[in-house]
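Peer 1: here is my input; please provide its structure:
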Amino acid sequence: MTLLETDGLTKRFGELTAVDDVDLQIEAGESLSIIGPNGAGKSTTVNLITGLLNPTEGAVRYRDENITGQEPHEIVQQGLSKSFQTASIFPDLTVRRNAIVASLGAEHGSFSLNFLRRLGSYNAVADRARRTLEDMGLYDRRDVKAKSLPYGDKRRLEMALALAGDPDLLFLDEPTAGMSPDETDDTVELIERIKEERGVTIVLIEHDMEIIFRVSDRIAVLNRGSKIADGTPDQIRGDPDVQEAYLGGVEI
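Peer 2: Numbers count the residues shown, from 1 in each chain. Below is the predicted model:
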């Protein structure tokens with residue numbers, strides 16, 4: 001089943017076309033990776049889908065509903081979430097309170113205080129936050145301020161915030177950037193476990209091709225804002241256009 005699709009997605013910044021007529025289909029339950037050289041339009045594409053940018057042209061449909069131009073919190077409430085290239089956390093809050101704030105934002109959008117009149121709703125949010133921290137291996141550090149965490153744990157907390165609203169579709173923008181090899185391996189294992197245990201559809205932006213080929217069911221390749229290939233890891237590995245655009249003709 002197609003969970004999300006884009007139709008002619010285009011974004012121009014003045015004379016620069018950052019994303020040029022991109023069509024994507026994301027199937028429920030799959031891991032899709034979006035790759036390409038620096039400046040290919042990968043992060044911009046995801047920002048258009050998740051509402052952080054508005055497209056110049058084209059449309060985004062989620063579960064057959066047009067969500068083009070909706071606010072990010074409205075999109076999150078429909079089941080889409082995103083982690084960023086750098087950890088976007090609340091540094092002066094504890095790990096547990098970070099997760100609770102993210103859960104409240106996903107459930108209540110603009111942080112309406114209605115939940116204060118419904119204790120059961122707040123308890124459900126707190127339970128969801130706890131489960132998410134347990135899944136990410138951070139529950140034992142729940143009372144530590146986020147700014148005191150080591151870098152790898154900060155990135156995992158940022159992923160936990162994206163998961164706190166129980167999304168159906170999770171975008172991960174370079175989740176292993178700046179990590180040590182051991183931290184990277186642990187994070188990839190977390191991504192694999194999230195997909196298997198939670199059934200979350202995952203879209204991954206990542207430069208490490210070893211990670212890409214390890215976790216992807218399908219790969220879409222962008223170059224200069226346009227999609228030049230879309231296929232299984234084996235198909236992408238042997239595609240001469242991808243080799244030329246992404247790695248200068250060197251086989252991957």
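Peer 1: mind giving me the packing neighbours of the longest helix belonging to the chain?
Peer 2: Longest helix in the chain, counting residues (DSSP state H): helix 119-135. For helix 119-135, the contact count by 3 or more C-beta pairs under 8 Å, 6 or more residues apart in numbering; DSSP states H and E identifies helix 95-108, helix 151-163 as packing neighbours. C-beta coordinates here come from the backbone N, C-alpha and C atoms, glycine included.
Peer 1: mind listing the strands for the stretch 1-150 of the chain?
Peer 2: For the stretch 1-150 of the chain, the strands defined by DSSP state E, counting those that start in this stretch cover 2-13, 16-27, 31-35, 57-62, 65-66, 80-83.
Peer 1: I'd like these laid out as TSV, including mean neighbour count, mean pLDDT and distance to Asp241.
Peer 2: Shown next, in TSV, are these (neighbours: other C-beta atoms under 10 Å; pLDDT from 0 to 100; distance: least, C-beta to C-beta, whole Å):
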stretch	mean neighbour count	mean pLDDT	distance to Asp241
strand 2-13	18	97	20
strand 16-27	18	97	16
strand 31-35	24	96	13
strand 57-62	18	98	23
strand 65-66	10	96	31
strand 80-83	24	87	28
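Peer 1: so which of those comes closest to Gly152?
Peer 2: Closest to Gly152 of the strands of the stretch 1-150 of the chain is strand 80-83 (C-beta to C-beta; 13.7 Å).
Peer 1: can you add mean neighbour count, mean pLDDT and distance to Ile34 and give the helices and strands packed on helix 119-135 back as JSON lines?
Peer 2: Listed next are these as JSON lines, based on neighbours: other C-beta under 10 Å; pLDDT from 0 to 100; distance: least, C-beta to C-beta, whole Å:
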{"stretch": "helix 95-108", "mean neighbour count": "22", "mean pLDDT": "81", "distance to Ile34": "23"}
{"stretch": "helix 151-163", "mean neighbour count": "23", "mean pLDDT": "90", "distance to Ile34": "16"}
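Peer 1: dump the ones you listed into TSV; add distance to Pro72 as well.
Peer 2: Compiled in TSV, these are given as follows (distance: least, C-beta to C-beta, whole Å):
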stretch	distance to Pro72
helix 95-108	10
helix 151-163	12
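Peer 1: compare those and give me the one nearest Leu32.
Peer 2: helix 151-163 (16.1 Å).
Peer 1: the closest one: what's the following helix or strand?
Peer 2: Downstream of helix 151-163, the first helix or strand assigned by DSSP states H and E is strand 169-173.
Peer 1: circling back to that earlier point, and the helices and strands packed on helix 119-135: which comes nearest Pro37?
Peer 2: Across the helices and strands packed on helix 119-135, Pro37 has its closest neighbour in helix 151-163 (23.5 Å, C-beta to C-beta).
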